[in-house]
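Novice: quick one: sequence plus predicted model below, questions after.
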Amino acid sequence: MRTDPDPSLFIQALRGERTERTPLWMMRQAGRYLPEYRDVRARAGSFLDLCYTPELATEVTLQPIRRFGFDAAILFSDILVVPHALGQNVWFAEGEGPRLDPVTDAEGLARLGDPTDLRRLDPVIETVSRVRADLRTLNGGATALIGFCGAPWTVASYMIAGKGTPDQAPVRLKAYQDPQFLQALVDLLVEASASYLVRQIDAGAQAVQIFESFGSALPPALFDRWCLEPVTKLVRKVKGARPEAHVIVFARGVAGRLTRFTDVPEISALGLDWSIDVNWAAQALQPRVTVQGNLDPLALMAGGDALARGVRDILDALSGGPHIFNLGHGIQPPTPVAHVEELVRLVRAG
Ligand SMILES: Cc1c2[nH]c(c1CCC(=O)O)Cc1[nH]c(c(CCC(=O)O)c1C)Cc1[nH]c(c(CCC(=O)O)c1C)Cc1[nH]c(c(C)c1CCC(=O)O)C2
């Protein structure tokens, strides 16, 4: 029996189907490059207040959809709301990025809350419901909604160091010195993240993306235990509970190790960072999985020929198979809005 085509090109591509044109969204599409985001941000108080105020979080999630008509919206939140909901102190120091009171031992771990009962996330779940309701009437229901979380290793790296760190030295050192502690933390994050993603799906997210930002820090001997295995466990828990939802894995910087994820059939798509050779991806990944990416955000910031060439190379290499156009990482705040308009035009033109 054939199912009807989904009205969303993005969902069609996640199902591995050919699409009449390449669907497009951008990581960090709601953000500081948009004047309307900066307006709301100025009214919201702290960044976390914005994440936890459904009315405002819904508004900023929808801003880039109204302006550019992207094929998918991504929930406005952050990967660090999970440690916050577990009871860790998390704040965003203006101009400095995230800060957390580090959790470094079994005692700290014992103080964290029940991973399956994260009530602090209720307002985020409400945002998902509101966005989905609004999307049913915007663009004829063709815009899909993506939920997300961070991968256990990436979130653990912030929880242990208390901030972003070069080469994630504190979490790597833990992997050698106290693997038992790290395993307990990662297991807790698998539980918490799975339950959080299932709640997002139940509230209306059709796909969820797992952000593994720091897999590149892992030497080969540690990659399976701390990246591949926890991500696979998380994906399987989510798909086991909600088989209809799609899971996208964006493991930044892991290069050829991306092929390891093609052995996990529950993954609908793999995100490609900008360093990935698209011709390699067309051969090594695309026959087995939908790929998403991977324009260098700085080519978008530069605009002009850099942008046109970047888009052309990606479309030429990947348009033969299931592909979702995206950036290779988040859009940079100084990017001119006109360059994003040009990107949309170029991708739509094919
Ligand atoms: C590592 C990581 C974080 N957050 C995230 C990651 C994984 C992806 C990656 O590798 O970038 C993921 C994230 N963060 C944000 C989203 C929202 C959805 C989207 O539009 O993509 C998503 C998916 C909003 C945000 N998260 C943050 C902002 C900026 C906050 C502001 O408006 O002041 C936004 C829009 C803050 C944040 N949050 C984080 C950092 C390091 C920072 C500071 C950097 C910065 O200021 O750009 C942690």
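Specialist: Noted; the coordinates are in hand.
Novice: grab the nearest non-local neighbour of the residue in the stretch 51-200 of the chain that the ligand sits nearest to.
Specialist: Nearest residue of the stretch 51-200 of the chain to the ligand: Gly97, at 4.0 Å (CB to the nearest ligand atom). (C-beta placed from N, C-alpha, C; glycine too.) Excluding the flanking residues, the one nearest Gly97 by CB to CB, 6 or more residues apart in numbering is Gly164, at 5.4 Å.
Novice: quick one: the one you found and Arg99 touch, right?
Specialist: No: distance between Gly164 and Arg99: 9.4 Å, which falls outside the contact criterion (CB atoms under 8 Å).
Novice: if we can go back for a sec, which SS state does the residue nearest to Gly97 fall under?
Specialist: Secondary structure state of Gly164, per DSSP: H, G, I helix; E, B strand; the rest coil, is coil.
Novice: let me know the secondary structure of Ala73.
Specialist: strand.
Novice: dump the residue contacts of it.
Specialist: The contact partners of Ala73, taken as CB atoms under 8 Å, 6 or more residues apart in numbering, are 25, 61-62, 64-65, 131, 135, 143-146.
Novice: and the pLDDT at the residue in the stretch 251-350 of the chain positioned nearest to the ligand?
Specialist: With CB to the nearest ligand atom, the shortest gap between the stretch 251-350 of the chain and the ligand falls at Gly330, namely 5.2 Å. Gly330 is assigned 98 on the pLDDT scale.
Novice: do Met1 as well
Specialist: What the model reports as pLDDT for Met1 is 46.
Novice: what does the one 4 residues further on give?
Specialist: Here the pLDDT value assigned to Pro5 is 72.
Novice: from Val208, how far out is it?
Specialist: 22 Å (CB to CB, to the nearest Å).
Novice: out of those two, which sits in the more crowded spot?
Specialist: When Pro5 and Val208 are compared for neighbours, Val208 comes out ahead with 28 against 13, by other CB atoms under 10 Å.
Novice: can I get the helix or strand harbouring the more buried one in CSV, CA atoms only?
Specialist: Here Val208 is covered by strand 207-212, with elements defined by DSSP states H and E. What follows is strand 207-212 as a C-alpha-only set of coordinates in CSV (Å, rounded to 0.1, in the frame of the first residue of the first chain):
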residue,chain,number,x,y,z
ALA,A,207,11.3,15.2,13.5
VAL,A,208,14.0,15.6,16.2
GLN,A,209,17.6,16.5,15.7
ILE,A,210,20.4,15.3,18.0
PHE,A,211,23.3,17.8,18.2
GLU,A,212,26.6,16.1,18.8
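Novice: distance of the residue of the stretch 201-350 of the chain found nearest the ligand from Gly253?
Specialist: The ligand sits closest to Ser213 of the stretch 201-350 of the chain, with a gap of 3.4 Å, by CB to the nearest ligand atom. Using CB to CB, we find Ser213 at a distance of 8 Å from Gly253.
Novice: ok, the two, which is more surrounded?
Specialist: Neighbour totals were compared for Ser213 and Gly253, and Ser213 leads with 22 against 16 (other CB under 10 Å).
Novice: now do that one, the pLDDT please.
Specialist: The model reports Ser213 with a pLDDT of 98.
Novice: so who does it touch?
Specialist: Counted by CB under 8 Å, 6+ apart, Ser213 has contacts 150-151, 154, 252-253.
Novice: with Gly350 instead?
Specialist: Residues in contact with Gly350 (CB under 8 Å, 6+ apart) are 21-22, 315, 319.
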